[in-house]
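Visitor: no sequence for this one, just the structure:
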């Protein structure tokens, strides 16, 4: 549920007041606990990943990375992401435009439906697709007649990954577009612009950063999906293993260093995602501060 | 291009925003839609623009039915209350947007567009801000850019939704004057929505007063002010002094106050509405009225001196038990009225509402001595 | 001037022709509705049919037999209790973290703020093996904890840790915006009336945070119920003791017992959807109360 927030004007404002919990004793106690638990629970794992990956030395690290099965897993993972992200991007934008710019019966229902992948266990998600498209499912058996097999192969992986990651772009865009309102687009219509022109020149620049972050986040989740892919992939080394499945395989083979090497790649992507989010928020905060300064000045 | 509004109804859920509204907006005139919030004025403006659709009724431009026409096709200029400038485009790009959006065949060349934008920038006196972004402009500058943007494609109709609502008083005054000049120069048919009666009366050729989804009165500002046709319009267009009471044998009384009503046959409940300038203050009661009031406050700001008084021995619910009378500075200097002084109101012209009559009858005491008859509104 | 004449002349030619069919002002309704409905039906709703068909092929007694199997029931208990414990911990710590991030300035704040989202961005399998390594008996944490007599890895406690890790962001990111929007004036008013910090917190601040906190905890709970990747490495997966329900489904699948897997899946799917619905309704109601919408 991470969403890019611009710091509201209140937080600037609040620094001028003496508020509850400002007494140094409480303040530093709380900060201390926060830092300690965060470091222990969140930061330490990152440290562990890279330490373990490199624990046998750099050359082993390189060997593990370049191992043929690892490379295949990386390739498959990137391929899946390359298909998933654009699909979810189109969907996310379409849904966000639909629910924030129009009123119609069922609108609230659509907004709720998009949360389903969050609530559903990934294993259940994988099972749903397996039941439908597997050889005994009603669509799967029909496809089997044409010798088309979706499950236990890359199409199945792509489909469940799309399922699991479809909310992210929409959830980044919807609050932002609701907050921005549709007046600028209305102005564009009055001035005679066509639909695409309005979207391209008015809406897109306004949602640029949230959209970018949505894509980055979708990518990270697509690359890292484990539970759902486990169910539909078939776990055949060198053929249908994505990187997270590869990590599991190595770990269960007691190849801890190898497992963490692949894990470090995934952790790297996660860290990049966090950095992207920080950047987007920084930009939004900068715009907000500039706007506030303007208001004070004008 | 004239505009005809015919039988427009609009409902939002259970709320009836517009109730069978019909209007004529003459070509080339500046019309104000005036009313409190909830009166339906913005809804009506948006329906004329095509930004909302009515449940029933018709909108015509110069006789042509445009009710089903999409807003994009109506060729109108619309100025939003909060400007709605495109925040990621420069001022120049904002102004050029309408021209840039024309289909290729009709689109002027790039240089032509630039020329037009420069002209408009000159006109709004902001050529130096062409490359700035909206966030870097003040409220007044934003509004001028919004205006320039809306007229770049030379619409015949200009619609403004509370254009000055978000601005400071001084900026508002400057922009008002400026809008009037713009209108006179380009001869748009303009409609603007406002809740500020001073603005409506000062700027427009015609005022449409609205309340609760209905049109209360349509008139030129002078007529509207001099001859309000209903209690609502009276109340809305500035301070009103009310005395209500019983009419018996040609005079209205309440408590220890009374006013004669020459030539009035009515008996029973009635109210007299008086404008601040329709009343004089005297130090003793006169032959046709005894209205004692005690001075509460004296305000010296403005070209007039405003005296606020509280009825003494009688009550004025219609105006929150406060009367307001305007006196000249000369009078103030010679009489020096102060808080606590007792004065007597001397009505010169008044507006009599009897029973549930919507339209008042004018009572003229100044002429009563010569022609003792009530003059009714025609 | 030519530009102007061009523009206005052409514009006046454009009507009165096209009577627009659509009543909507902004464009793109049809297209966006089409794409959204198509996608949602195909991706989210259609797969449910497979489950429905599979489950309805079972008789009621078969169904009941599967979902009340003692090992499965044990997994319900383990999963639900662990999720509850993790969510409560996240409620408390998440609130603290949100408070610290919103109210105070301190070195490293930006880093902490960024890292809060790590569980969201990190693959669950990676989290799984990392937590397992950290808390194993010979792991960096495990070493100290076993000395204190606390076993984390291969016990239900490990499950709680994994669930807490993966759903921490839900609480923090739900509470943070609400904390940021708190008006300082409300607190100042209370303090000026003579209330102590603790009192103001209890009576003024906490009630304002409560709905968001409940939402965050509920989301954390829902997510934890289904958590798989992060849990299975650290849990030990001992039947009746540390097996989570999603693992039960997975095991049935590996045995090709699709029917049983579906039956169990339908139970937790139903639970998730009910929880999701409840959260949505709760959110809608408290939003309406706060903002009068």
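Guide: Looks like it came in fine. Keep in mind that this is a model prediction, so the values were computed, not measured.

Visitor: does residue A:131 really touch residue C:54, like I thought?
Guide: Yes. Using Cβ atoms under 8 Å, residue A:131 makes contact with residue C:54 at a distance of 5.2 Å. Backbone N, C-alpha and C define where each C-beta goes, glycine included.

Visitor: Common neighbours of the two, please.
Guide: C:258, C:262 (Cβ atoms under 8 Å, 6 or more residues apart in numbering or on different chains).

Visitor: which residues sit in contact with residue 191?
Guide: Picked chain A for this. By Cβ under 8 Å, 6+ apart, the neighbours of residue A:191 are B:97, B:98, B:101, B:149, B:150, B:153.

Visitor: Chain B is the one I meant
Guide: By Cβ under 8 Å, 6+ apart, the neighbours of residue B:191 are B:3, B:25, B:30, B:31, B:32, B:33, B:45, B:48, B:157, B:158, B:159, B:160.

Visitor: With residue A:76 instead?
Guide: A:154, A:157, A:240, A:241, A:242, A:243.

Visitor: Next secondary structure after the host helix or strand of it?
Guide: Using DSSP states H and E, residue A:76 falls within helix A:68-101. Using DSSP H and E, the next helix or strand after helix A:68-101 towards the C-terminus is helix A:107-113.

Visitor: got the contact list for that following helix?
Guide: A:95, A:98, A:99, A:174, C:36, C:40, C:44, C:45, C:276, C:277, C:280, C:284.

Visitor: Surely the second one touches residue C:30?
Guide: What that stands for is residue A:98. No. In this structure residue A:98 lies outside contact range of residue C:30 using Cβ under 8 Å: 10.0 Å.

Visitor: For those two, indicate the residue with more neighbours.
Guide: More crowded of residue A:98 and residue C:30, by other Cβ atoms under 10 Å in any protein chain shown: residue A:98, with 24 against 10.

Visitor: now that one: how far from chain C?
Guide: 4 Å (Cβ to the nearest Cβ, to the nearest Å).

Visitor: Quickly list the domain ranges of chain A.
Guide: A:21-54, A:58-297 (automatic domain parsing).

Visitor: centre of the chain versus the last one, how much separation?
Guide: This means domain A:58-297. 5 Å (Cα atoms, centre = their mean, to the nearest Å).

Visitor: Quick one, grab the pLDDT at residue C:97.
Guide: Note on residue C:97: pLDDT of 94.

Visitor: so who does it touch?
Guide: By Cβ under 8 Å, 6+ apart, the neighbours of residue C:97 are A:34, A:37, A:38, C:112, C:116, C:168, C:172.

Visitor: Let's see that with 10 Å instead.
Guide: A:30, A:33-35, A:37-38, A:42, C:90, C:112-113, C:116, C:168-169, C:171-172, C:175-176 (Cβ atoms under 10 Å, 6 or more residues apart in numbering or on different chains).

Visitor: just the buried members of the residues you listed?
Guide: When those are checked for burial by 16 or more other Cβ atoms under 10 Å in any protein chain shown, the buried set is A:30, A:34-35, A:38, A:42, C:90, C:112-113, C:116, C:168-169, C:171-172, C:175-176.

Visitor: Counting only helices, which of those residues make the cut?
Guide: In this view, those that belong to helices under DSSP state H are A:30, A:34-35, A:38, C:90, C:112-113, C:168-169, C:171-172, C:175-176.

Visitor: Residue A:131 and residue C:54: who's more crowded?
Guide: Neighbours were counted for residue A:131 and for residue C:54 using other Cβ under 10 Å; residue A:131 has more, 27 against 24.

Visitor: Was I right to think the more buried one contacts residue C:46?
Guide: No. With contact defined as Cβ atoms under 10 Å, residue A:131 does not count as touching residue C:46 (11.1 Å).

Visitor: Quickly list what's touching both of these two.
Guide: Joint contacts of residue A:131 and residue C:46 (Cβ under 10 Å, 6+ apart) are residue A:139.

Visitor: Quick check: of the contacts of residue A:191, which has the highest neighbour count?
Guide: Within the contacts of residue A:191, neighbour counts (other Cβ under 10 Å) peak at residue B:149, which reaches 30 neighbours.

Visitor: got a list of what residue B:271 touches?
Guide: By Cβ under 10 Å, 6+ apart, residue B:271 lies in contact with B:231, B:242-245, B:252, B:254, B:316-318, B:350-355, B:360.

Visitor: so it, which of the three states?
Guide: Here residue B:271 takes the strand state, with states given by DSSP: H, G, I helix; E, B strand; the rest coil.

Visitor: returning to that earlier point: from the contacts of residue A:191, which single one is nearest residue C:143?
Guide: residue B:97 (66.6 Å; Cβ to Cβ).

Visitor: for the residue nearest to residue B:123 when sequence neighbours are not counted, phi and psi?
Guide: Once flanking residues are discounted, residue B:123 sits nearest to residue B:148: 6.9 Å by Cβ to Cβ, 6 or more residues apart in numbering or on different chains. In terms of degrees, to the nearest 10, the main-chain angles of residue B:148 are phi -60, psi -40.

Visitor: For residue B:148, give me its contacts.
Guide: B:77, B:79, B:91, B:94-96, B:116-117, B:119-124, B:126, B:182.

Visitor: For the residue nearest in space to the middle of chain C, list the residues it contacts.
Guide: The residue lying closest to the centre of chain C (Cα atoms, centre = their mean) is residue C:219, at 3.8 Å. For residue C:219, the contact set (Cβ under 10 Å, 6+ apart) comprises A:1, A:115, A:118-119, C:87, C:90, C:167, C:169-171, C:173-174, C:275-276, C:279, C:283.

Visitor: From the residues you listed, which shows the smallest pLDDT?
Guide: residue A:1 (35).

Visitor: Surely residue C:58 touches residue C:51?
Guide: No. With contact defined as Cβ under 10 Å, residue C:58 does not count as touching residue C:51 (11.5 Å).

Visitor: quick one: what helix or strand has residue 47 in it?
Guide: With no chain named, the answer covers chain A. Using DSSP H and E, residue A:47 sits within helix A:44-54.

Visitor: nope, chain C please
Guide: For residue C:47, the element it lies in under DSSP H and E is helix C:46-56.

Visitor: is that helix anywhere near chain A?
Guide: Yes. Shown here: helix C:46-56 in contact with chain A (Cβ under 10 Å from any Cβ of the partner chain) through C:46, C:47, C:48, C:49, C:50, C:51, C:52, C:53, C:54, C:55.

Visitor: What about residue B:6, how many residues nearby?
Guide: 17.

Visitor: I figured it was touching residue B:65, is that so?
Guide: Yes. Between residue B:6 and residue B:65 there is a contact at 9.5 Å, judged by Cβ under 10 Å.

Visitor: anything in contact with each of these two?
Guide: Joint contacts of residue B:6 and residue B:65 (Cβ under 10 Å, 6+ apart) are B:58, B:59.

Visitor: between residue C:58 and residue C:51, which one's more packed in?
Guide: Applying other Cβ under 10 Å to residue C:58 and residue C:51 shows that residue C:51 carries more neighbours, namely 21 against 17.

Visitor: got the contact list for that one?
Guide: Residue C:51 touches A:124, A:127, A:128, A:130, A:131, A:132, C:261, C:262, C:263, C:265, C:266, C:269, counting by Cβ under 10 Å, 6+ apart.
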